[in-house]
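[1] sequence and predicted structure are below.
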Amino acid sequence: MSSFESYILEQLSSLNIKGRRMFDAYGLYLDGKFFAIIYQDQLFFKTNEQTRKDYEAFGSKPFAPSPKQILKNYYEVPPEIIDDLVKLKEWARLSLAVIY
């Protein structure tokens with residue numbers, strides 16, 4: 001586990017998030033439901049039409065591990081949000097609401 005993966009899990013520990021390795025990335029789950037990806041020290045949350053606008057306002061892009069593979073429902077969490085524990089948890093909760 002990378003230090004970034006450990007940091008994100010620690011920041012979200014009060015939400016009972018679990019993580020596990022998946023291919024070249026690390027997946028985040030709540031109650032077995034997948035809602036986030038950590039890839040190359042970037043965090044991507046699942047979005048929908050409403051929440052995606054917040055990510056786009058920061059200039060965030062969708063998860064694209066290769067030019068041919070773009071997951072348009074997962075957007076990069078801006079560094080400003082990652083650095084703010086309250087906002088990070090808020091954005092995580094919004095992402096979790098997308099899957100529930």
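    Good, I have the coordinates.

[2] hey, which helix or strand in the chain has the poorest pLDDT?
    Scoring the helices and strands of the chain by mean pLDDT, DSSP states H and E places strand 18-22 at the bottom, with a mean of 90.

[3] what are the buried residues along that one?
    Gly19 (16 or more other Cβ atoms under 10 Å). C-betas here are computed from N, CA, C, even on glycine.

[4] distance from the chain centre to that strand, please.
    12 Å (Cα atoms, centre = their mean, to the nearest Å).

[5] which residues are in contact with it?
    Contacts with strand 18-22, where a contact means Cβ atoms under 8 Å, 6 or more residues apart in numbering, come from Met1, Glu5, Ile8, Leu9, Tyr26, Gly27, Leu28, Tyr29, Leu30, Ile38.

[6] so which of the residues you listed is the most crowded?
    Leu28 (26 neighbours; other Cβ atoms under 10 Å).

[7] help me confirm that that residue is found in a strand?
    Yes: under DSSP: H, G, I helix; E, B strand; the rest coil, Leu28 sits within a strand.

[8] skipping adjacent residues, who's closest to it in space?
    Counting by Cβ to Cβ, 6 or more residues apart in numbering, Ala36 is the residue found nearest to Leu28 once chain neighbours are left out, at 3.8 Å.

[9] report the buried residues of the helix or strand where that neighbour lies.
    Assigned by DSSP states H and E, Ala36 belongs to strand 33-39. By neighbour count on 16+ other Cβ under 10 Å, the buried set for strand 33-39 is Phe35, Ala36, Ile37, Ile38, Tyr39.

[10] do stretch 42-50 as well
    Quick answer for stretch 42-50 (16+ other Cβ under 10 Å): Gln42, Leu43, Phe44, Phe45, Lys46, Thr47.

[11] endpoint to endpoint, that stretch covers what distance?
    22 Å (Cα to Cα, to the nearest Å).

[12] contacts for it?
    8, 34-38, 51, 55, 62-63, 71, 73-77, 82, 91-92, 94-95, 98-99.

[13] do stretch 88-100 as well
    11-12, 14-15, 17, 30, 33-36, 45-48, 51, 54, 77, 81-82.
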